[in-house]
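S.K.: sequence unknown, structure follows:
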């Protein structure tokens, strides 16, 4: 069995709501069924190891302590040392343990300290970003997506759609606004959590656009969800990720690389029909394919 602990937020809940594989998977959100005292202890003890019952709800405690040497544990996007140490000290030492990072490493000195402890606790660290994998000697495993469903009969109301936090990308976004002013733009910059929308609402917006806009952060090579949403949903993609050419789904008819491709050819790009990717290529980026990497090998 694979036991997954993930952040209790909308996008992760969507991703882990069922799997289409023939192996047993249990996915639980970290904060669900956790009382206020447990949440307080989790905030207080950032580096020290604590008692497992002080950090987790009873369901997670029971699930972790039931794991055997035939099972695997995956923690998604957490590097909290208190959490890592506590889990490591309270589960069967033969359980295969992994962490997958969905964000770039920004503070190397802090991460280096965490990395040493996490690996000492027996966890294998994966990242979505190829550059971070090379820099910090991590394992690379690409971004994934649970194949979304949209209203294919929805009326198109925008040519380009962007949704995301600013993250020091305002200058690129504003330049795009000016350079694409002849098109119908739907750009939504999120400044705080109150402005966030649900993933289902985001899917509704995607169904009404012709082209998704992906703006990666400086130094990022890993894919965002936008690139995969575009491929799965037959939408055009405008991205500033120059390394997207390295992926097997890259097709110049479908993907326009901002800063590389000539903006004078944008009309031609937008009018060219989308070329659907083969099923075997799409499958490689599904959550069902991704999750298979974390099971313990059969001996």
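M.R.: Nice, I can see it. Only a predicted model underlies this, so the values are computations on that prediction, with no experimental measurement involved. Numbering: from 1, shown residues only.
S.K.: where along the stretch 101-250 of the chain do the helices fall?
M.R.: 108-120, 130-136, 170-179, 199-207, 225-233 (DSSP state H, counting those that start in this stretch).
S.K.: Give me the residues contacting the first one.
M.R.: Contacts to helix 108-120, defined as C-beta atoms under 8 Å, 6 or more residues apart in numbering, come from residues 79, 81, 84, 85, 99, 105, 125, 135, 136. Using the backbone N, CA and C atoms, a C-beta is placed for each residue, glycine as well.
S.K.: Wait, residue 98 touches residue 74, no?
M.R.: Yes - here residue 98 reaches residue 74: they are 5.0 Å apart, a contact under C-beta atoms under 8 Å.
S.K.: who has more neighbours, those two?
M.R.: residue 74 (23 against 20; other C-beta atoms under 10 Å).
S.K.: residues shared between the contacts of residue 98 and residue 74?
M.R.: residue 294.
S.K.: Low-confidence regions, the stretch 51-200 of the chain specifically.
M.R.: Regions of the stretch 51-200 of the chain meeting the criterion pLDDT under 70 cover residues 51-54.
S.K.: can we see that at 80?
M.R.: 51-58, 148-153, 166-168, 193 (pLDDT under 80).
S.K.: Identify all contacting residues around stretch 156-166.
M.R.: With C-beta under 8 Å, 6+ apart as the criterion, stretch 156-166 contacts 173, 176, 180, 183-191, 197, 202, 205-206, 208-213, 215, 238, 270.
S.K.: Let's see that with 6 Å instead.
M.R.: 183-190, 202, 205, 208-213 (C-beta atoms under 6 Å, 6 or more residues apart in numbering).
S.K.: quick revisit: dump the contacts of helix 108-120 into CSV; add neighbour count and distance to residue 292 as well.
M.R.: Listed next are the contacts of helix 108-120 as CSV, based on neighbours: other C-beta atoms under 10 Å; distance: C-beta to C-beta, whole Å:
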residue, neighbour count, distance to residue 292
79, 19, 23
81, 18, 28
84, 23, 24
85, 19, 28
99, 24, 17
105, 20, 25
125, 22, 18
135, 14, 26
136, 16, 24
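S.K.: which residues does residue 220 contact?
M.R.: Taking C-beta under 6 Å, 6+ apart, one finds residue 104 in contact with residue 220.
S.K.: list the contacts for residue 71?
M.R.: 1, 95 are the contacts of residue 71 under C-beta under 6 Å, 6+ apart.
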